[in-house]
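Chemist: Model the following, please.
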Amino acid sequence: MARLIIVTGPTGVGKTTYSLSLSKEIGAVRFSIDPWMQNLFSKDMTSLDYAWMIERVNRCYVQIWQVSEQILKLDGNVVLDLGFTTREQRGHFIALAKELGPEPEVHYLSAPKDVRKKRVEKRNVEKDPSVYSFEVTDFMFNFMEPKYEIPDEQELANGRVVNA
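Modeler: Numbers count the residues shown, from 1 in each chain. Alright, predicted model coming up:
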């Protein structure tokens with residue numbers, strides 16, 4: 001039976017590292033929003049405009065889902081590392097998956113803000129291009145922090161909480 005896993009958590013919690021490990025463990029195709037946004041839109045971004053960015057994120061979501069759907073129909077596993085900042089974003093993919101058949105799993109990664117901030121600082125220094133697509137500045141970290149919506153019990157009914 002195909003599995004669709006939605007990985008979510010605030011900035012710097014380790015979503016990409018977790019997703020890479022999980023996709024190897026279960027033999028899944030992993031999609032990460034960061035390289036899509038970096039490759040397709042970073043040269044066009046002149047300022048940190050949330051509405052501009054989210055509109056392009058949503059475009060990527062459409063393309064990623066089209067490929068994910070094909071994989072799931074072939075009984076393949078998919079891990080989505082798409083940020084999923086809001087319940088609405090997660091709910092959209094949960095609904096798409098349920099229409100298709102697999103019961104989606106939400107994996108919520110949690111860590112204290114100070115730990116996440118140190119991880120971001122470390123990753124910015126290391127700049128490992130095989131894992132991270134761009135530097136997360138202090139401004140970006142602080143900008144996104146209040147926008148993240150923690151999953152509720154209903155979202156996590158078929159998922160798990162990971163203390164990262």
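Chemist: rest of the way, CA atoms for contacts and neighbours
Modeler: OK.
Chemist: Check which element follows the longest helix along the chain along the chain.
Modeler: Identified as the longest helix of the chain according to DSSP state H is helix 50-73. Downstream of helix 50-73, the first helix or strand assigned by DSSP states H and E is strand 77-81.
Chemist: so how far is that next one from its chain's centroid?
Modeler: Distance, stretch centre to chain centre, for strand 77-81: 9 Å (Cα atoms, centre = their mean, to the nearest Å).
Chemist: try stretch 19-28
Modeler: The chain centre lies 14 Å from the centre of stretch 19-28; the measure is Cα atoms, centre = their mean.
Chemist: ditto for stretch 18-29
Modeler: For stretch 18-29, the distance to the chain centre is 13 Å (Cα atoms, centre = their mean).
Chemist: What lies in contact with it?
Modeler: Stretch 18-29 has contacts (Cα atoms under 8 Å, 6 or more residues apart in numbering) with 7, 30, 76-81.
Chemist: what's the answer for stretch 156-164, then?
Modeler: Contact with stretch 156-164 is made by 13-14, 103-111, as judged by Cα under 8 Å, 6+ apart.
Chemist: can you give me the helices for this protein?
Modeler: Ranges of helices in the chain, per DSSP H, are 15-26, 33-41, 50-73, 87-100, 113-126, 138-144.
Chemist: before we move on, the earlier item: now the two most distant members of the contacts of stretch 156-164.
Modeler: Largest separation among the contacts of stretch 156-164 by Cα to Cα: Glu103 and Ala111, giving 26.1 Å.
Chemist: I'd like the helices of the chain as a markdown table, with mean neighbour count and distance to Ala2 appended.
Modeler: Formatted as a markdown table, the helices of the chain follow (neighbours: other Cα atoms under 10 Å; distance: least, Cα to Cα, whole Å):
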| stretch | mean neighbour count | distance to Ala2 |
| --- | --- | --- |
| helix 15-26 | 16 | 11 |
| helix 33-41 | 15 | 21 |
| helix 50-73 | 14 | 6 |
| helix 87-100 | 14 | 10 |
| helix 113-126 | 14 | 32 |
| helix 138-144 | 12 | 32 |
